[in-house]
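Participant: What follows is a predicted protein model with its sequence.
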Amino acid sequence: MKRFAALFVVLLLALFALELTPPGQLVVRPWTGFVADSSATLIRAFDGDAMSHGNVLFSKRSGFAVSIEAGCNGVEALLVLAAAMLAFPAPWRMKLIGLAIGAVAIQALNIVRVISLYYLGQWNAQAFEWAHLYAWQALIMLDALIVWLLWIRALPRSPS
Amino acid sequence: MDPRAATLALLGRTLLWLAPCLALWYVAAGPIAWLPAKIASPFIGVVADVKAMGLRERGVVYSVSIDPPYELMRRGTGAATAEVEVASATYTYGIALFLALSLATRGWTRPKLVLAGLVIVWLSSAWGIGFDTVRQLAISPELASHLALGAAARTAIAFGYQLGSLLLPTLLPIALWLAFNPQAWRRTPGA
């Protein structure tokens, strides 16, 4: 457990620092734009109103806009999950499968978060703030935890 | 119970507990920031003298004074004063997450560990509060000449702030819960 914990902390800090550097932002910024674009496309499929520009998702009808910033693009939760999976003793194949499934699970829930905030913000500012700052932050990291726990359960048994 | 079903059941129970825990925390979010804000004061003191501290509904306000560098002081420039408000609640909500996870865990019989975890998560919010305050001071153009921060100091402040706002509030509660409940994630025969 000590080895796992130490490796996890080192990997997480390295990944997190990388995310904040200009090369990391070369990936994160287009990704955040993709999240805004995907959210707008999904909303339009049901509502026909949302548009996106860069990392901003906005409503043409109400003028309400949400800017998807660091912490709202699901990247941090993904980095935590990646560090946890890479640090855990498991076959590389399982790590890669886990990372792929985990990325989909986290980003899918993150798009639900963005869409829910888009509607909440147009309905009630206080509800938006509460969901944005506290509830969804906790839920996204909880998502990463559950994916990691399920991944551990799916690992082949280590020889006793 | 099948381990995977047990994990999903844990998720379900955690979600059920999270709602009341968040509501309870939200009610207390103002006053509980007092101690972490006090703990953060000496850290803020590295860049500015904290003259006073006050609580808001879900935030903390620091009144600070910053002496200019020696060169400016020699030319007669006086100390600058500023008020910085930090949304402390954005650093303490991990308390609700840790409590919800702990209450959702079947068979926990160590309330002292839960209490210890709550205290650690609570006091660790001093990191975010401290770095947020220093960041606000550091990015203020009016205070730039007084602070005269170097590039390395600015980078350290930015990294500490990002760590305190994006990772610590949610990661620490989960990490502590995992440390206190190794049976939840250790690979056991049959798991």
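Facilitator: Received the coordinates, thanks.

Participant: Please count neighbours and contacts with C-alpha atoms only from this point.
Facilitator: Noted.

Participant: helix/strand/coil for A:Ala100?
Facilitator: Each residue gets one of three states, and A:Ala100 gets helix by DSSP: H, G, I helix; E, B strand; the rest coil.

Participant: roughly how far apart are it and A:Val9?
Facilitator: Taking Cα to Cα, to the nearest Å as the measure, A:Ala100 falls 21 Å from A:Val9.

Participant: before we move on, what about B:Ala28?
Facilitator: For B:Ala28, the distance to A:Val9 equals 31 Å [Cα to Cα].

Participant: Who has more neighbours out of A:Ala100 and A:Val9?
Facilitator: Each of A:Ala100 and A:Val9 has its neighbours counted (other Cα atoms under 10 Å in any protein chain shown); A:Val9 has more, 15 against 12.

Participant: in what helix or strand does the more buried one lie?
Facilitator: In the assignment (DSSP states H and E), A:Val9 maps to helix A:2-20.

Participant: in the following helix or strand past that helix, what's buried?
Facilitator: Per DSSP H and E, helix A:2-20 leads on to helix A:22-46 as the next helix or strand towards the C-terminus. Across helix A:22-46, burial judged by 16 or more other Cα atoms under 10 Å in any protein chain shown covers A:28-29, A:31-43.

Participant: From the chain's centroid, how far away is helix A:22-46?
Facilitator: 11 Å (Cα atoms, centre = their mean, to the nearest Å).

Participant: Does chain B have contacts with it?
Facilitator: No: shown here: helix A:22-46 not in contact with chain B (Cα under 8 Å from any Cα of the partner chain), separated by at least 12.7 Å.

Participant: Show me what that helix packs onto, helices and strands only.
Facilitator: Contacts defined by 3 or more Cα pairs under 8 Å, 6 or more residues apart in numbering or on different chains; DSSP states H and E place helix A:22-46 against helix A:2-20, strand A:50-53, strand A:56-59, helix A:92-123.

Participant: Indicate which one of the ones you listed is closest to chain B.
Facilitator: When those are compared by Cα to the nearest Cα, helix A:2-20 sits nearest chain B, at 7.5 Å.

Participant: buried ones in the closest one?
Facilitator: Under the neighbour-count criterion of 16+ other Cα under 10 Å, helix A:2-20 has A:Phe4, A:Leu7, A:Phe8, A:Leu11, A:Leu12, A:Leu13, A:Leu15, A:Phe16, A:Glu19, A:Leu20 buried.

Participant: Just give me the neighbour total for residue 101.
Facilitator: Chain wasn't specified; assuming chain A. When neighbours are counted by other Cα under 10 Å, A:Ile101 registers 13.

Participant: Oops, wrong one, chain B.
Facilitator: Based on other Cα under 10 Å, the number of other residues close to B:Leu101 is 24.

Participant: My read is that it contacts B:Trp177, right?
Facilitator: Yes: judged on Cα atoms under 8 Å, B:Leu101 makes contact with B:Trp177 at a distance of 7.1 Å.

Participant: Identify the residues contacting A:Trp31.
Facilitator: A:Asn73 (Cα atoms under 8 Å, 6 or more residues apart in numbering or on different chains).

Participant: Run through the strands of chain B in chain order.
Facilitator: Counting by DSSP state E, chain B has these strands, from start to end: B:49-55, B:60-66, B:80-86.
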